[in-house]
Every structure is written in structure tokens, then in C-alpha cells.
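Asks: show me the folded form of this:
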Amino acid sequence: MAAQSHEPVLYQEIIHALQPRDSGLYIDGTVGAGGHARGILEACTPGGRLLGMDVDPQALALARETLAPYGQRVTLTQASYDTMLDAMHACGWQSVDGIVLDLGVSSMQLDTQSRGFSFQSEAPLDMRFNPDSGMTAAELINTAQEQELAGLVKRAYRERLRLHPATRTFQALRIAVNDELACLERALPRALEALRPAGRLAVISFHSLEDRIVKQFFRKQSKDLINPPYMQEYEIERPASLQEVNRKPIVPTDAEVRGNPRARSARLRVAEKI
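Replies: I've put the predicted structure just below:
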């Protein structure tokens, strides 16, 4: 039932961005309950295939239920999306036609009180995407230095939104517990490597820290790297490797936000490999 009620954010926009085709190969690096993955598989019928990744075993259980009708066309693995190259090669794939990353916490995780993602209910401060490994938020709070904790919260509060004052603090703890920003920074160049020419990378972010990382990576890779003659330290020169499909992020429609208020902060950026 939970899998059926899950509403993926920017669903139509993701399908339009990736333009799935028959016989294409696709990676959903944050498969969650399988909403975006199901749309991609429908669009690349009958021969397209999809690799779905997630560190959350509960999410993967729902994805298996949602995607069961697609049989051998789907491979699901419990792993972080920053290991997509290894997962892709384990499938025997050398490159893929499209990758989607839907970052952050899912509605399913927020609504499971025992996971401790939300301040709306009394629950242990866990906040791990993978509840079987790593340090919980409670352990982080009890072991980190005060200065370190203040820095995490201060960074999250750079966004000026009309939210409950605890929202940014919980977000900062969740980001730290799951090493989310560093994971994204590792994953983007690996996604670029995984794509074949004309393949597309679509990334949905939910706060400015994530969106800035994606924006800066896309902008940097969409320009030729040429060292000016006055530089003392040189990078390896290279031509542009990406073309931005949308310079400004795609945001949810008013109708989607009314139906799913948690979509209000979603931002979608899309780039195509040259």
C-alpha cells in the first residue's frame, strides 16, 4: 500500500528530461519506492533496463513490490549512488543512457516515526538512510564538538524560508549523519563517466547546498578548460563534457505543490553528455 501511495516529485519532468527509449539502459541512484523507476521502465518498453540503487532496505522492499511486473528488466541493489560505476559494471554495462538522482529524504522515511527524521513525533534520533550502519544522529550529537555542531546548523540556516525553527537543525543533522553533500560531490563525476554520449543526468535537489553543488558541476563541465598563459599551476586541459539542458532549475507546478506540499522546494537540473 505504501508503495502505491508514493508520489514521486517532478515525475513527468523526469521522464521528459531522460527521454527513455527502447533498449536503453538507465540508473535510478535513489530508487526509493520505485516511482520514477516505474515511469522510466514504462517509457522504455519493451527492451529498456534499469538499475535501481538505494541504501535504505525498507525503500528497496517497496521498490521490489512496485517494480515486480518488470521482471528481468530491473536490477535492484542496496548501495549508495556514489558507487554507481561498480554497480553498473556488475550488471555488465559499460555505459548508460540516463541517470536520475532524487536527493534528500523521502516522504516514506519522514512518515516512519521510528526512523527519527521528523521533529513532529517523539522518536529516537536515528536519521540514517541505512539503519544498519553508521552513526546515528543521537550518537553524533553526543560525540561531536560544540563548534562542529554549530557549524552544521549555521550552514543549513543560510536558506531563508518560513519554516519551523527546528526544520533546518534536523536537516543539518540528517545531512551530517548520511554524509550527503560529500556523497553528491563524489557521485557527479562518476555519473558523467557512466553516461554514453547524448546520455542525460537529471538531479532533483531540495535545498540550496545540494543545488549549488549540482549547478557548479554542470557549469564547470559545460565549458572548455583552457589554462591562461599567466597561470603558475595548470590543470589538465579538456573540452567541455556536458551541455546544460536547462540553465535555470525546473520547479514543481502550483498544482503539484498543492497535491504534495513537500515538493515545494524541489529543483531539477538536467545535463546531457557531449
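
Asks: how about low-confidence regions in the stretch 1-150 of the chain?
Replies: Residues of the stretch 1-150 of the chain meeting the criterion pLDDT under 70: 1-6, 106-131, 133-134, 137-138, 140-141, 144-149.

Asks: show me the helices in it, by range?
Replies: Secondary structure of the stretch 1-150 of the chain (DSSP state H, counting those that start in this stretch): helices located at 2-5, 11-18, 35-43, 57-67, 84-90, 107-111, 137-143, 146-156.

Asks: put the alpha carbons of the fifth one into PDB.
Replies: The C-alpha atoms that make up helix 84-90 are tabulated as PDB, following Å, rounded to 0.1, in the frame of the first residue of the first chain:
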ATOM      1  CA  MET A  84      27.100   3.500  -9.400                       C
ATOM      2  CA  LEU A  85      30.100   2.600 -11.600                       C
ATOM      3  CA  ASP A  86      30.800  -0.600  -9.600                       C
ATOM      4  CA  ALA A  87      27.100  -1.400  -9.600                       C
ATOM      5  CA  MET A  88      26.800  -0.700 -13.400                       C
ATOM      6  CA  HIS A  89      29.800  -2.900 -14.200                       C
ATOM      7  CA  ALA A  90      28.400  -5.700 -12.000                       C
END
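
Asks: show me what that helix is packed against.
Replies: For helix 84-90, the packing partners by 3 or more CB pairs under 8 Å, 6 or more residues apart in numbering; DSSP states H and E come out as strand 25-28, strand 49-54, helix 180-194. (C-beta placed from N, C-alpha, C; glycine too.)

Asks: so which of the ones you listed is the most packed in?
Replies: Most buried of the helices and strands packed on helix 84-90, by mean neighbour count (mean count of other CB atoms under 10 Å): strand 25-28, with a mean of 27.

Asks: mind putting the helices and strands packed on helix 84-90 into TSV with distance to K220?
Replies: TSV is the format used below for those (distance: least, CB to CB, whole Å):
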stretch	distance to K220
strand 25-28	22
strand 49-54	25
helix 180-194	10
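
Asks: mind checking which of the ones you listed is nearest A255?
Replies: With CB to CB, the closest approach to A255 among the helices and strands packed on helix 84-90 belongs to strand 25-28: 24.3 Å.

Asks: any idea how far the closest one is from the chain center?
Replies: 13 Å (CA atoms, centre = their mean, to the nearest Å).

Asks: partners of that strand in the sheet?
Replies: Taking DSSP bridges as the criterion, strand 25-28 forms sheet pairs with strand 49-54 (parallel), strand 96-102 (parallel).

Asks: show me the domain layout of the protein.
Replies: Structural domains annotated on the chain: 2-108+180-273, 128-177, as defined by automatic domain parsing.

Asks: what's the most buried one of the ones you listed?
Replies: Each of the domains of the chain was scored by mean neighbour count; the highest is domain 2-108+180-273, a mean of 18, by mean count of other CB under 10 Å.

Asks: how far does it sit from the chain's center?
Replies: Its chain's average C-alpha position is 6 Å from that of domain 2-108+180-273, according to CA atoms, centre = their mean.

Asks: relative to I99, how far out is the nearest residue to W93 once chain neighbours are set aside?
Replies: Excluding the flanking residues, the one nearest W93 by CB to CB, 6 or more residues apart in numbering is L25, at 5.5 Å. For L25, the distance to I99 equals 10 Å [CB to CB, to the nearest Å].
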